[in-house]
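Asker: Can you look at this prediction? I've put the sequence above it.
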Amino acid sequence: MGVGWKFESSIEEVLIKITGEVDFTGTPELRDEMHNFVSKTSGLVQVDLSELEYLDSSGLASLIELRKILDKDGRSVKIIAVTDQVDRLLNLTQVKSLFGMK
């Protein structure tokens, strides 16, 4: 399964949903799309990873980079749902708190 993503924004909400598998081959395009999308929005960005089957270190780095970009603008990012594999990676790397997770 390849990578897929969906971007939605409204007055109340900014949502990025990432599905499939994110590895070094798909990360550059995803990163560019995320940066382009959030540059046209405001407020909190929510990321739904409930259908993301695999995330490698390059994909995680792109999420951390997104957080840094938003932080510079006084914005934040929150991961609202994850799969077991992604949860394990976030636990191992100890970055859950960066994304509003416990």
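Answerer: Happy to help now that I have it. Numbers count the residues shown, from 1 in each chain.
Asker: count of neighbours near Met34?
Answerer: 22 (other CB atoms under 10 Å). For the C-beta atoms, the positions are set from N, CA and C on the backbone; glycine is no exception.
Asker: which SS state does the nearest residue to it once chain neighbours are set aside fall under?
Answerer: Nearest-residue entry for Met34: Leu66, 5.4 Å, with adjacent residues in sequence omitted and distances by CB to CB, 6 or more residues apart in numbering. Assigned by DSSP: H, G, I helix; E, B strand; the rest coil, the conformation of Leu66 is helix.
Asker: and Leu66, what does it touch?
Answerer: Taking CB atoms under 8 Å, 6 or more residues apart in numbering as the definition of contact, the neighbours of Leu66 are 31, 34-35, 38, 45, 77.
Asker: ok, and what's touching the top strand by length along the chain?
Answerer: Secondary structure of the chain per DSSP state E: the longest strand is strand 45-55. Residues from elsewhere that reach strand 45-55, judged by CB under 8 Å, 6+ apart: 1, 13-23, 38, 63, 66, 70, 75-83, 85-86, 89, 99.
Asker: Are any of the residues you listed buried, and if so which?
Answerer: Listed as buried from the contacts of strand 45-55 are 14-19, 21-22, 38, 63, 66, 70, 75, 77, 79, 82-83, 86, 89, 99; burial here means 16 or more other CB atoms under 10 Å.
Asker: Return the subset of those residues lying in helices.
Answerer: Using DSSP state H, 38, 63, 66, 70, 86, 89 are the members of the buried ones among the contacts of strand 45-55 that sit in helices.
Asker: Verify the stated contact: the first one with Leu15.
Answerer: Put plainly, it is Val38. No - assessed by CB atoms under 8 Å, Val38 is found out of contact with Leu15, at 11.0 Å.
Asker: And the helix-or-strand element of the chain with minimal mean pLDDT, what's buried?
Answerer: Least confident helix or strand of the chain, by mean pLDDT, DSSP states H and E, is strand 4-9 with a mean of 83. Residues of strand 4-9 classed as buried: 5, 7, 9 (neighbour count, 16+ other CB under 10 Å).
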